[in-house]
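[1] sequence and computational prediction follow.
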Amino acid sequence: MSIDTQRANLETLKQQNLYSARYGLSGRPDRIMRTPRGIVPVELKSSAAPRTGPHEAQLAQLFAYCLLLEEHYQSTVREGILEYSDRAFTIPFDDQRRKWIVALIAEVKEAKRLQAEPGRSHQQAGRCRACGFRDGCSETL
């Protein structure tokens, strides 16, 4: 079940920049809602929902916000919402997803420490043209 965050009679908390020393993360969810299930980050996307569901990078962003909110509010976050122009997805934030995002954060930190180049994860030339790593990338399409 998805929550219509614009029409629901839910409390919207003050939008703020969040920082976690534990994870070395900072971020600002587009919305922070208080629902009967607890604090929920909402990430707004201006595009239509992908046909195959949310992209992995969008899930990573949402789950990073879940970690930030858990630390800030000292409360378990059970779900997050990815709201596209045409529909919204309520994504559970469970132990498996928590472990995944924590491992991904550790992987990114290690790559930064080693000054490693990120590997290309797609076959889309348009994404390569817009990438901030394009100039130094050996995998450019």
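    Everything's here; your move.

[2] residue contacts, E83?
    Contact partners of E83, counting by Cβ atoms under 8 Å, 6 or more residues apart in numbering, are T5, V42, E43, L44, K45, F89. Where C-beta positions appear, they are placed from N, C-alpha and C, glycine not excepted.

[3] what is the mean pLDDT for the strand or helix carrying G80?
    Using DSSP states H and E, G80 sits in strand 79-83. Mean pLDDT, computed over strand 79-83, is 96.

[4] kindly export it (C-alpha atoms) in CSV.
    C-alpha atoms of strand 79-83 as CSV (Å, rounded to 0.1, in the frame of the first residue of the first chain):
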residue,chain,number,x,y,z
GLU,A,79,9.8,2.4,5.4
GLY,A,80,10.5,5.2,2.9
ILE,A,81,8.5,6.6,-0.1
LEU,A,82,9.7,7.2,-3.6
GLU,A,83,7.1,9.5,-5.1
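
[5] after that strand, which helix or strand is next?
    strand 88-92.

[6] ok, back up a step: so the strand holding G80 versus strand 88-92, what angle?
    Relative orientation of strand 79-83 versus strand 88-92 (axes from the mean of the first three to the mean of the last three Cα atoms, to 10 degrees): 160 degrees.

[7] note down every partner strand of strand 79-83 and its orientation.
    strand 38-44 (parallel), strand 88-92 (antiparallel) (DSSP bridges).

[8] sounds good, over and out.
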